[in-house]
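Engineer: Predicted structure and sequence below. I'll ask about it afterward.
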Amino acid sequence: MAATRADAAFGDAPPLGEVMPWSTPPLRLGRPWVLAPDSGSLTARWDRLVRAGDAEREALFGATRARTPRSAVAALPGQATGTGRFARETGRCPEPLRVAHGPFDEQWLIPDHRLIDAARPELWRVADARQIFAVEQGYVPKAGAAQAGMEPALLVSAVLPDGHSPAGRPGRIRPLYRRPGGREPNLAPGLTELLAARLGREVGAEDVLAWAVAAAVPSPAGCVVPLTADPGVWATGVELGRRMTGIQLRGARGGERPRLPGGRRPYVRAAVPDRPESLTYDAADEALGVGTGRISPVPAEAWDFTVGGVRVLELWFERRARRADPPEPGTLEAIRPAGWPQEWTSELLELITVLALLAEVRPLRRRLLAEAAAAAAVGRAELRTAGVLPVRAAARRPASVLDHHEEGPDGQFALV
């Protein structure tokens, strides 16, 4: 389904911002050295920084208008990090935290608020084992047709996402729940009740998210979520969306880690060298070349998987290999692994599996969109008549967590 056809078929569909009203902009790190594909580099960078003298520490830190080594900053919710001025810091590096860095890439972050320009504390406050984060993917006009039928418009993550987008505008981050413990769904008030009445079945928050993952369609104004009034189409979409969500969560929340059937699982046929210089693909042998290393079988659909018009596997490799424009020597970003860690190969195998499994459901997703376009819909007009729209302002703001104590700047405590 081309983008123009999708826009025409779902012209009265609500945008994602009306289905999941509360959102935050992407994280703004401010300095690249606080994020890395491996945790060891972050610890080494921290140690280098705290050993530096005042002038060198200032230069290495990379001051911005939002953060300098002398900024007074509260701790990030849920993180046991210092709140004294970083200029006086002498302690050990906080335990690096796994985060989602753009589509399908998980990296490590130093979870210290003193180092991050805009960390979005309201997200950290609701990040727990029950939470699922949805991230809208940037719209790229030249990739519009591909996005409508091939590329996902909405991705989900169990770990905190930074909202980074490889192309197009960065996507906003929308938690499924507004409070810790899976409480208070981040949905337009009255939406699930209206859908339940129209569909003749119970509708929960995770059903709505699953439907959105399967049915969201990109548009220049942000992705839209066509809502069907057909119980059969709804059931098909929710089942497909749960399958897509489970693949992306990679075993989190009690699920199974993604696996391809026997005979289709990728294996390392030749070891990846310490410093692979290139990533290549042999379509005839379904083999991925990582320098002189070799992984197969790798389906062509996994190799060709793109988000925002950017090939996911190539971007993942580029962030880890020695690039043509390496960091300037002497900077913290230049502190990197001496070779290719074994865990990167394991992560690559899992990434190939995730992309291959998601590519397999593309025909099902295209069929779902066609069925949804032909079926009766719950559009914005009906949502307005039912009082679901416009969404009240309070639903677009983060919920207050009145019993949540957090450490403020220089060890003071705040009640949020």
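Structural biologist: Received it, and whenever you're ready, just let me know what you need.

Engineer: which residues does the residue most central in space within the chain form a beta bridge with?
Structural biologist: The residue lying closest to the centre of the chain (Cα atoms, centre = their mean) is residue 161, at 4.2 Å. Here residue 161 sits in beta bridges with residue 100, as judged by DSSP bridges.

Engineer: from memory it sits against residue 136, does it?
Structural biologist: No - counting by Cβ atoms under 8 Å, no contact exists between residue 161 and residue 136, whose distance comes to 10.8 Å. Using the backbone N, CA and C atoms, a C-beta is placed for each residue, glycine as well.

Engineer: Can you tell me how far the residue nearest to the centre of the chain is from residue 151?
Structural biologist: As judged by Cβ to Cβ, to the nearest Å, residue 161 and residue 151 stand 17 Å apart.

Engineer: what does residue 242 give?
Structural biologist: Relative to residue 151, residue 242 is positioned 20 Å away (Cβ to Cβ).

Engineer: cool, residue 40 as well?
Structural biologist: To residue 151, residue 40 is 33 Å away according to Cβ to Cβ.

Engineer: for residue 250, same thing?
Structural biologist: Per Cβ to Cβ, residue 250 is found 19 Å from residue 151.

Engineer: Who has more neighbours out of those two?
Structural biologist: Taking other Cβ atoms under 10 Å, residue 250 and residue 151 do not tie; residue 151 has more neighbours (22 against 19).

Engineer: Now the more buried one, what are its backbone angles?
Structural biologist: Residue 151 adopts backbone torsions of phi -80, psi 150, taken as degrees, to the nearest 10.

Engineer: ok, now which ones touch it?
Structural biologist: Residue 151 makes contact with 137, 143, 218, 306-308, according to Cβ atoms under 8 Å, 6 or more residues apart in numbering.

Engineer: now swap in residue 78 and tell me
Structural biologist: Shown in contact with residue 78 (Cβ under 8 Å, 6+ apart): 124-125, 127.

Engineer: at 6 Å instead, please
Structural biologist: The contact partners of residue 78, by Cβ atoms under 6 Å, 6 or more residues apart in numbering, come to residue 124.

Engineer: Number the residues from 602 up from this point.
Structural biologist: In the new numbering, first residue 602, that becomes residue 679.

Engineer: Look up how far residue 731 lies from it.
Structural biologist: Relative to residue 731, residue 679 is positioned 14 Å away (Cβ to Cβ).

Engineer: Same check on residue 669?
Structural biologist: Separation of residue 669 from residue 731 (Cβ to Cβ): 36 Å.

Engineer: residue boundaries of the strands in the stretch 602-751 of the chain?
Structural biologist: Counting by DSSP state E, counting those that start in this stretch, the stretch 602-751 of the chain has strands at residues 636-637, 698-701, 707-710, 734-737.

Engineer: actually the stretch 752-901 of the chain, not the one I wrote
Structural biologist: 755-758, 774-776, 778-780, 784-786, 868-871, 880-883, 888-891, 894-897.

Engineer: The last one pairs with which strands?
Structural biologist: For strand 894-897, the paired strands and their directions (DSSP bridges) read strand 868-871 (antiparallel), strand 888-891 (antiparallel).

Engineer: could you say what helices and strands the helix or strand following it packs with?
Structural biologist: The first helix or strand that comes after strand 894-897 along the chain, using DSSP states H and E, is helix 901-904. Counting contacts by 3 or more Cβ pairs under 6 Å, 6 or more residues apart in numbering; DSSP states H and E, helix 901-904 packs against helix 943-961.

Engineer: Tell me the helices and strands packed up against the helix it packs on.
Structural biologist: Contact partners of helix 943-961 among helices and strands, from 3+ Cβ pairs under 6 Å, 6+ apart: helix 832-850, helix 901-904.

Engineer: Could you provide these in JSON lines, with additional columns for distance to residue 799?
Structural biologist: JSON lines is the format used below for these (distance: least, Cβ to Cβ, whole Å):
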{"stretch": "helix 832-850", "distance to residue 799": "9"}
{"stretch": "helix 901-904", "distance to residue 799": "36"}
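
Engineer: Identify whichever of these lies nearest to residue 631.
Structural biologist: Within those, the stretch nearest residue 631 is helix 832-850; the backing value is 27.6 Å (Cβ to Cβ).

Engineer: From the rest of the structure, what touches the closest one?
Structural biologist: For helix 832-850, contacts defined as Cβ under 6 Å, 6+ apart pick out 757, 759, 800-801, 808, 811-812, 814-816, 829, 856, 859, 955, 958-959, 965, 969, 972-973, 976.

Engineer: Next, the buried residues of that helix.
Structural biologist: Across helix 832-850, burial judged by 16 or more other Cβ atoms under 10 Å covers 834-835, 837-850.

Engineer: ok so, going back, filter the contacts of helix 832-850 down to just the buried residues.
Structural biologist: For the contacts of helix 832-850, a burial check counting by 16+ other Cβ under 10 Å picks out 757, 759, 800, 808, 811-812, 814-816, 829, 859, 955, 958-959, 965, 969, 972-973.

Engineer: Among those residues, which are located in helices?
Structural biologist: 800, 808, 811-812, 814-816, 955, 958-959, 965, 969, 972-973 (DSSP state H).

Engineer: What is the nearest of the residues you listed to residue 939?
Structural biologist: Nearest member of those to residue 939, counting by Cβ to Cβ, is residue 955, at 28.1 Å.

Engineer: Run through the residues that contact the closest one.
Structural biologist: Residues in contact with residue 955 (Cβ under 6 Å, 6+ apart) are 848, 859.

Engineer: Quickly note the distance from it to residue 895.
Structural biologist: 20 Å.

Engineer: cool, residue 938 as well?
Structural biologist: Taking Cβ to Cβ, one finds residue 938 at 21 Å from residue 895.

Engineer: Look at these two and report which has more neighbours.
Structural biologist: More crowded of residue 938 and residue 895, by other Cβ under 10 Å: residue 895, with 19 against 16.

Engineer: Excluding covalently adjacent residues, which one is nearest to the more buried one?
Structural biologist: With sequence-adjacent residues excluded and distances taken as Cβ to Cβ, 6 or more residues apart in numbering, residue 895 is closest to residue 871, at 4.0 Å.

Engineer: Cool, thanks, talk later.
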